[in-house]
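Dropping a prediction and its sequence here:
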Amino acid sequence: MARWTFRWLLVLVAIVATGTGCKQARLKLGLGYEVTDPEEESPQWVVKKVIEAGGMEPFDKAFTEFEKYLHSDERSNHVAMKDWEVDRFPAHRRKNKCYVKDADKKSFMVMEERAEDGKEERQISLYVKCSTTDMPTPCHLWKDDKQGGKWRIRGTNCLN
């Protein structure tokens, strides 16, 4: 009797977690969550803007849009900007379609969220599902004091 009750309890928890859209439960279960209309200037919103920029043509227009979401530390570093323009952003553009879950809704899936210990309020890494790989791809974001505390891409990786 106890085993039967425990099994049903597990099934009920899984149904509630997936059916209600409880983000933390879905992340813990490895199901991720779909992002369709994120709150403006949230980390998810920045990732959505990066995906949108990656699909723009021509390249110059796309990169101009993309660089709006780079952290001031990246934008003020000539070497970092050249690296983004020549290597990282083109790599993102080549893979860009794999991040889109639903083209009509322009949605994507976040499979994991991670923050460095003690820096949860200032830094987050979102791991986005790519349809062509088994492992989700990270995008590292930090709050940018020079841009009013907005979330911006900083470091060597954002969907590239």
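Alright, I've got the coordinates.

beta partners for the residue sitting nearest the centre point of the chain?
Geometric centre of the chain, nearest residue: residue 126, 4.2 Å, by C-alpha atoms, centre = their mean. Per DSSP bridges, the residues bridged to residue 126 are residue 113, residue 139.

How about residue 102?
residue 107.

Let me know the pLDDT of it.
Residue 102 is assigned a predicted lDDT (pLDDT) of 91.

how near is it to residue 150?
Separation of residue 102 from residue 150 (C-beta to C-beta, to the nearest Å): 26 Å. For glycine as for every other residue, the C-beta is placed from the backbone atoms N, C-alpha and C.

between the two, which one's more packed in?
Between residue 102 and residue 150, counted using other C-beta atoms under 10 Å, the more crowded position is residue 150 (18 against 11).

And that one, its phi and psi?
Dihedral angles of residue 150 (phi, psi; degrees, to the nearest 10) stand at phi -80, psi 150.

Bridge partners for it, pull those for me.
With DSSP bridges as the rule, residue 150 is bridged to residue 144.

wait, it sits on residue 144?
Yes: counting by C-beta atoms under 8 Å, residue 144 is a contact partner of residue 150 at 5.7 Å.

I'd guessed the residue nearest to the centre of the chain sits against residue 110; true?
Yes: contact criterion C-beta under 8 Å: residue 126 and residue 110 qualify, at 5.2 Å.

which neighbours do those two share?
Taking C-beta atoms under 8 Å, 6 or more residues apart in numbering as the criterion, residue 126 and residue 110 both touch 44, 47.

What is the neighbour count of the nearest residue to residue 96 once chain neighbours are set aside?
Spatially, and ignoring its direct neighbours in sequence, residue 96 is nearest to residue 54 (3.6 Å; C-beta to C-beta, 6 or more residues apart in numbering). Residues lying near residue 54 (other C-beta under 10 Å) number 24.
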